[in-house]
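[1] structure, please.
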Amino acid sequence: MKKVKANLPLFLMLFSFAVKAQVGVLTQHNDLNRTGWNAQETILHTKNVKPGSFGKLFVRAVDDQIYAQPLVMLNVNLPVVGKKNVVFVATVNNTVYAFDADSAKVTTAYWQVNLSPAGSRAIKNTDMTGACGGGYKDFSGNMGIVGTPVIDPATNTLYVVARSVNTTTNTFQQHLHALDILTGHERANSPKLITAQVNGHGSGNVNGVVNFNPQKQNQRSGLLLLNGVVYIAYASHCDWGPYHGWILGYDKSSLAQKIVYNTTPEGYNGGIWMSGAAPAADESGNIYASVGNGSVGVTNNPSDLTNRSESALKLVPSGSTLTVSTFFTPKNIAELEATDLDFGVTEVLLIPNTNRAMTACKDGRIYLLDRNNMGGYSATTNNVLQTIDLGATAHLRSSLGYYKGQQKEFVYSWSENSLLKAYPFNRSTNLFDLNNTINSGVQGPVGNNGAVLAVSSNGSVDSTAILWASFAANGDANQSVRPGILRAFAATDVTKEIWNSTQYTTDPPGNYAKFNCPTVVNGKVYLATFSNQLVVYGMTGNVQADQCSSQNIGLKKTAVASSTENVNRPASAAFDGNLATRWSSLASDPQWIYADLGERYDLCNVILRWETAVAKDFKIQVSDDAATWKDLMSRTNNTALENYLPVSGTGRYVRMYGTARGTQWGYSLWEFEVFGKKHVDCATPTALSVNNLSENAASLHWQATGATKFNVQYKTVTAGSWTTIASTTNSLTLTGLACATDYLFQIQGVCDATHSSNYSASTSFSTVTCTIPCSPLPTRWTTMDIGGVGVSGSACYNNGVFELQGSGDDIGNTQDAFRFAFKTLVGSGEIRARVTSIDQINNLNKCGIMFRESLTPGSRHAFLALTSGNGLTFQNRIVTDDVSHEENAVAGIDAPVWIKVEKNGSVYTAYRSADGIGWTPVGNPVDAGFGAGVPVYAGLAITSHDNAALSAALVDNYLFAGILEIELQSFTASVTLTKTVALEWVTTLETNINNFVVERSDNMLNFTDLDTVAAVSNGRFTNTYAYEDTAPLQTMSYYRLRITDNDGITSYSAPVSISVITSIQSVFDEIPPAVYANPSQEGVIHVKQGSGRIKTIALYDNTGRLMVLRDAITSDITDIPVHTFANGLYTIEIKTSKLEYRQKLMIRN
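    As a prediction, the model looks like this:
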């Protein structure tokens, strides 16, 4: 066994004590343990990383998307310019850049080089003609350099793999490049054409030889530099075969091939991609990798080392190959293979100074392994040290993170559809203290792409330790480009978020670069994007004021001034958001200007943007009546043209009172900006906690003063909206929850009819593990209950059969309560399936194919369902929260039956069949008004039509096919019924157009990117597009398109404007219904209408059994006889169109 040489660079080491010298990041995820921890960050800490002092410093434009993690090397002695800190960036267009890592002024790269050979171009996703059935969307364009490079500081060499295709011969090639980091020039023997072969009879072999395929082999993982050898790992594109997993090693100096290892020489697949992570390595020179789906063993021996898919591997360099020293393969490999929930999705993290390793699987499980004896394979038991089960929808397309502090040591995970979790590691047992896992209450990534993490600290000083997380701000980034967000947490307590990139309108990074970890070095955070730019965050020098997470509340407000220079310089010009207009006073002292905010605000900051005529001495004042003023701050001897002024005070009016002019003229302001939050006299609830957790219930508790009742909101981390329940006490027990599921909840206090508190910060809890086993759904599927179900449902998948269970009142009329198993889909196509059986719990129960606009109850939908006693029904809801219309019903149809729904834009057409070949329409096509050009949720739904019972059904032969191009009309802005903004545009000039970036502003000055829409680029025809802003500003908004061609030239459309005004009174102002008497009297209870009309009344006994159900409530008072009921405690549940009310009720007969 080879040993690591003593002169390994310092960046491979981790320190547990405070240090002074900054270090660079020269390899993927910081070090060979792949911890993501920079333990020598001496500038950033938990006190100075906060809104106002930390934010976006500058961006660097590049020629394409950035998949590779940016690397930073300090004190690079560049020709001519001398020693500089340099950040190296590689794009999918095969271009490598060397930028100044510190200066916003040095905008040009010190050098850049394109690595595509002459006559070649970077490969594109469209070159992968067989991947994903020809609809390959893991990439959205070029895919030249994807894996993160590695830098050798001893020789100042950067190693990177670039992929290209010859435009004449259509020959695909991959090259290993060794670049001089001082100049970008190729080193001797560089580039090296990558080829490989092994003996074997595996997939694609020719005469007993398996050859490396440069077209199909995806170089997704980062590169590993170890003991003078550069290692390159390979996977596939959407399992397009034949392919294999490879690890190839090249001498760092000669680039001669030293190592060839194939994971499945006698089998198939076995790719190594690990969500972009590089293989890990230990101090003895062993290599660690996690392998995806494919062959496991040979000749019916799953433990044979020849084929090692679905495994975590410890590999030892041995001659010209690698040998498996030890491995772990989970016991459920057949299930993982069948559902594409394979191993190999996450990095292998080595916990420093231990023999412990961690990795994970798409089925939601994280494993702690002994590096020296990983556990092998057993058909009955996973022989691992610990298993952390995050739930079936946590697919762990993410990274891990690590920190060791003065008091505690943590490993972090933040999978999609899960909570951010910090697992304390116990050095005495070398195991995790899972009972003390810390869960964040912040909403995280959803869909099929998780968060990527990094940690920074000054050694083990806990007050300096920060956990950084990057992920898609909304939507599913798995096969689409989504906006990104960067968040920062205290690493020792992840319940405390200290900063995020949404707190200032200037800080969002652009489009999220999936699987691309933040790089934290020397007081800066370098973040790659899919917006063709590198974003650099750091200390802003307090240039910006803390906006306390608010918009400019002075914008467009009524303004009054002591005087105006002339009619062209009105007071209103200082509050119009336009830096081209200004207020100017007469040339005398004193002078003042104030804004009427409309109601009382707690102010945090004021920004004054002066014209040349500044105030030398002035005050910022606040008032409740514009007559009596209170000083918040004063400034003397001012000469600055911009004043960023922290203030603290409450009032309706805010005033600048100038006592001494700074020039011979009057006072003149371009803009007077005010920041703060609405003042609330009702205290926000605190001390949120949870106990009595079970599979389907949890008891919530909180503290509050002055409140007479509370609104409790809760949801799963995947849900699109909150469920709201009213409570009259400071505790509430939730029932009907899903087992093994992460939830968020938040509390609002209601003090009286007109005063309610802000909602508390959300807090999390997780229900306990399911006792009844359920085989997981296939990859990219999610399942959840929609609406107020009485019993939590489930969705399992076994051997091609969906096993569905769901309760709920119905999917029909205005009811929307059911179990949903779904995927996110974009475009047109069809879903077909066969309902093989449905139980007879209720003859109006339903199971079938559903398309939905959102995951919110009352969403628009199209639904083709089979009932157990009333045949088929084709339903649609075309108006949110309206009734679900029955387009057509076909009686006499029983299971088994084939059903199909075609989607063409927003038009849905239903069919039935006895054999899956000949199809008969079910009613007429329906334009449901959603789904044209925007993602929809599509899958299988089941409801029992009985909220106290579960209905069960089996569905097989599920198929989605025929995704088509998106085509819509016009470029206009309109408000949808769900208070989103729909943008539509049309173009006929697309001969060379690459994409459209949708931008938004609240002031016509500063625009931010929302999303990118790829162009059809077909010059012969009119092409149409649409985009939906699902979280619009509640002010006047301005939208424009940034149009970029294939040569990188950019132009802008004229902006369109729209105002989104919520006209509906807040649902929390609703007067609740009244229930009396309690305890009951004379064998009856009465329910009186509140301001929100009652939809249903349900009464449950203390076991959760439904005793009474009333709907279609029309009378002001509803009487419910209870004289036959046993004495005891009951729960009454009342639903209005907006809220659910639950109350304990004592019956005494």
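[2] so what pLDDT did Gly538 get?
    At Gly538, the predicted lDDT confidence score is 96.
[3] test my guess that it contacts Phe54.
    Yes - the criterion here is CB atoms under 8 Å, and Gly538 meets it with Phe54 at 7.0 Å. (Glycine included, C-beta is placed from N, CA and C.)
[4] which one's more surrounded, those two?
    Phe54 (24 against 21; other CB atoms under 10 Å).
[5] tell me which residue is most central in this structure.
    Averaging the C-alpha coordinates of the chain gives a centre point, and the residue nearest to it by CA atoms, centre = their mean is Pro445 (2.5 Å).
[6] hmm, it is touching Ser413, no?
    No - applying CB under 8 Å, one finds Pro445 not in contact with Ser413, separated by 11.8 Å.
[7] overlap in contacts, the two.
    When CB atoms under 8 Å, 6 or more residues apart in numbering defines a contact, the residues bordering Pro445 and Ser413 alike are Ser398.
[8] domain parsing of the protein, as residue ranges.
    The record, using automatic domain parsing to delimit domains, assigns the chain the ranges 1-59+400-514+516-544, 67-277, 558-678, 686-766, 782-961, 972-1059, 1070-1147.
[9] is it possible to get a markdown table of these that adds distance to Gly391?
    As requested, the domains of the chain are arranged in a markdown table below (distance: least, CB to CB, whole Å):
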| stretch | distance to Gly391 |
| --- | --- |
| domain 1-59+400-514+516-544 | 7 |
| domain 67-277 | 18 |
| domain 558-678 | 35 |
| domain 686-766 | 5 |
| domain 782-961 | 10 |
| domain 972-1059 | 25 |
| domain 1070-1147 | 23 |
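[10] can you tell me the closest non-neighbouring residue to Gly634?
    One correction, residue 634 is Ser, not Gly. Counting by CB to CB, 6 or more residues apart in numbering, the nearest residue to Ser634 once its immediate chain neighbours are dropped is Lys619, at 4.6 Å.
[11] wait, isn't Asp1029 in contact with Asp1009?
    No - Asp1029 is not in contact with Asp1009 according to CB under 8 Å; the separation is 11.9 Å.
[12] quick check: neighbours shared by these two?
    Residues within reach of Asp1029 and of Asp1009 at once, by CB under 8 Å, 6+ apart, are Val998.
[13] burial count for the residue nearest to Ser634?
    For Lys619, the tally of surrounding residues (other CB under 10 Å) stands at 20.
[14] show me what the helix or strand containing it is packed up against.
    Lys619 is part of strand 615-623 when elements are defined by DSSP states H and E. Applying 3 or more CB pairs under 8 Å, 6 or more residues apart in numbering; DSSP states H and E, we find strand 615-623 packed against strand 591-610, strand 630-635, strand 642-661.
[15] could you say which one of the ones you listed comes nearest to Leu804?
    strand 591-610 (49.4 Å; CB to CB).
[16] buried set for that closest one?
    By neighbour count, and taking 16 or more other CB atoms under 10 Å as the criterion, the buried residues in strand 591-610 are 591-597, 600-601, 603-610.
[17] adjacent strands (with direction) for that strand?
    Each strand that pairs with strand 591-610, with its direction, by DSSP bridges: strand 558-561 (antiparallel), strand 642-661 (antiparallel), strand 668-678 (antiparallel).
[18] what is the mean pLDDT for whichever helix or strand comes after the last one?
    Elements were assigned by DSSP H and E; along the chain past strand 668-678, the next helix or strand is strand 686-691. What strand 686-691 shows for mean pLDDT is 95.
[19] ok, residues contacting strand 686-691?
    By CB under 8 Å, 6+ apart, strand 686-691 touches 698-704, 745-747, 760, 763, 765.
[20] and that strand, how far from the chain's centre?
    Centroid separation for strand 686-691 versus its chain: 26 Å, with CA atoms, centre = their mean, to the nearest Å.
[21] partner strands of that strand, parallel or antiparallel?
    Paired with strand 686-691 in the same sheet, following DSSP bridges, are strand 698-703 (antiparallel).
[22] go through the strand it pairs with and flag the buried ones.
    Going by neighbour count (16+ other CB under 10 Å), the buried part of strand 698-703 is 698, 700-702.
[23] name the residues that touch the helix or strand following it?
    The C-terminal neighbour of strand 698-703 among helices and strands, as given by DSSP H and E, is strand 709-716. Contact partners of strand 709-716, identified using CB under 8 Å, 6+ apart, comprise 685, 700, 702, 704, 721-730, 732, 734, 738, 741-750, 756, 759, 784, 1068, 1072, 1139.
[24] and with 6 Å instead?
    Outside of strand 709-716, the residues within contact range by CB atoms under 6 Å, 6 or more residues apart in numbering are 722-725, 727-728, 732, 741, 743-750, 784, 1068.
[25] and if you look at stretch 174-182?
    Here stretch 174-182 has contacts from 78, 115, 156-163, 187, 190-194, 214, 250, using CB under 6 Å, 6+ apart.
[26] now find how far off-centre it is within its chain.
    In terms of CA atoms, centre = their mean, the centre of stretch 174-182 is found 34 Å from the chain centre.
[27] also stretch 740-760?
    For stretch 740-760, the gap between its own C-alpha mean and the chain's C-alpha mean amounts to 24 Å (CA atoms, centre = their mean).
[28] what comes up buried for it?
    For stretch 740-760, the neighbour count (16+ other CB under 10 Å) marks 740-751, 756-757, 759-760 as buried.
[29] looking at this, Gly931 is in a helix?
    No - assessed with DSSP: H, G, I helix; E, B strand; the rest coil, Gly931 is coil; it does not lie in a helix.
[30] that one: how many residues sit nearby?
    Using other CB under 10 Å, Gly931 has 27 neighbouring residues.
[31] number of nearby residues for the closest residue to it other than its chain neighbours?
    Counting by CB to CB, 6+ apart, Ser906 is the residue found nearest to Gly931 once chain neighbours are left out, at 4.9 Å. The criterion is other CB under 10 Å. On that basis, Ser906 has 22 neighbouring residues.
[32] show me where pLDDT drops low in the stretch 451-600 of the chain?
    542-549 (pLDDT under 70).
[33] could you give the mean pLDDT of stretch 110-118?
    This predicted structure assigns stretch 110-118 an average pLDDT of 98.
[34] now stretch 329-344
    pLDDT averaged over stretch 329-344 gives 87.
[35] list the contacts for Gly276?
    Neighbour list for Gly276: 220, 515 [criterion: CB under 6 Å, 6+ apart].
[36] go again using 8 Å as the cut-off
    Residues touching Gly276, when contacts are defined by CB under 8 Å, 6+ apart, comprise 28, 67, 69, 146-148, 220-222, 399, 452, 515-516.
[37] are any of the residues you listed buried, and which?
    28, 67, 69, 146-148, 220-222, 399, 452, 515-516.
[38] just flag the most distant two among those residues.
    Val146 and Ser399 (15.9 Å).
[39] helix or strand right after the helix or strand hosting Ala178?
    Assigning secondary structure by DSSP H and E places Ala178 in strand 172-180. Taking DSSP H and E as the definition, the helix or strand that follows strand 172-180 towards the C-terminus is strand 192-193.
[40] ok, Thr987 touching Ile993?
    Yes - in this structure, Thr987 sits in contact with Ile993. The criterion is CB under 8 Å, and the distance is 7.3 Å.
[41] now do the shared contacts for these two.
    When contacts are counted by CB under 8 Å, 6+ apart, Thr987 and Ile993 are jointly contacted by Ala1015.
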